[in-house]
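In: quick one, fold the following:
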Amino acid sequence: MQNRDRINKALAARFVNYQNLISIPIIENSDPMRDVADFSLSADLAASALPSSTGSVLVLRQSVCERLLRAQEILQVDKPGYELVLTYAYRSMEIQCASFEKMKRELGLGDRTDPEAMERTHHFIAVPEVAGHPTGGAVDLMIVDADGNALDFGTGMHALEQDSYFFSPFISDAATNNRKLLRRVMQAADFAPYDGEWWHYSYGDREWAAYYGEPLAFYSQLPESAVAGFYSSAAVNVA
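Out: Model prediction:
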């Protein structure tokens, strides 16, 4: 058990942290928000237990949707009939803030806002100011096979446990290979992985910029009003 804890602690120490992210500047590029259904991307909202900001619609930046289509094409070259399935996309800042504060309380940190408290909470729920989902640039997803069965990734979707770390050595070889497959096709389409959650990828946000050493991000966090009343085939432009 001590060896397992030591390995997990070493893995977590390599995750991008709040202090890394908050220093990255953002120049918003006004890429519009779109309903992922407009791009014929598959979604399974029932696979996520996270609170939705957009009802039965998943909303992402247009360029993110286009890159997901590219990732889908790459996947099908490697694995004909396999499909990417999205489970979570845009999350409002209101929900991000509430989730962050709830996790902080669960960690016994109360109303603390010092760097240690922020980093400890960020390990589980991203600090709202640097979170990817509220930018419309982050997506959670999995792969299903040609029969529509979800591949084994070692843990369930959004499982807050250490075996969800991408490089966890405590999962099966099959699950490890499935994680590598997802990572390979997503990175080939310009997405950045988050090593703390095998299902989380982003483009254009601060995590993406940090992973690839980019000088700035170009997606900022959007208020819920930016996607309020969103409907299929609409585009919400960012001011």
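
In: packing partners of the helix or strand where residue 187 lies?
Out: In the assignment (DSSP states H and E), residue 187 maps to helix 173-188. With contacts taken as 3 or more CB pairs under 8 Å, 6 or more residues apart in numbering; DSSP states H and E, helix 173-188 sits against helix 62-78, strand 138-144, strand 192-194, strand 197-202. Bear in mind the C-beta positions are built from the backbone N, C-alpha and C, glycine included.

In: buried set for the last one?
Out: Read that as strand 197-202. 197, 198, 199, 200, 201, 202 (16 or more other CB atoms under 10 Å).

In: not counting sequence-adjacent ones, nearest residue to the third one?
Out: Right, residue 199. residue 140 (4.6 Å; CB to CB, 6 or more residues apart in numbering).

In: what residues are up against the residue nearest the centre of the chain?
Out: Centroid check for the chain by CA atoms, centre = their mean gives residue 200 as the closest residue, at 3.2 Å. By CB atoms under 8 Å, 6 or more residues apart in numbering, residue 200 lies in contact with 132, 138, 139, 140, 193, 194.

In: let's see it at 10 Å
Out: Each residue near residue 200 by CB atoms under 10 Å, 6 or more residues apart in numbering is listed here: 88, 126, 132-133, 138-141, 158, 164, 166, 186, 191-194, 207.

In: mark which of those residues are buried, thanks.
Out: Taking 16+ other CB under 10 Å as the criterion, what is buried in the contacts of residue 200 is 88, 126, 132-133, 138-141, 158, 164, 166, 186, 191-194, 207.

In: quick one: the strands in this structure?
Out: Listed in chain order, the strands of the chain (DSSP state E) span 33-35, 42-43, 59-61, 83-88, 138-144, 192-194, 197-202, 235-236.
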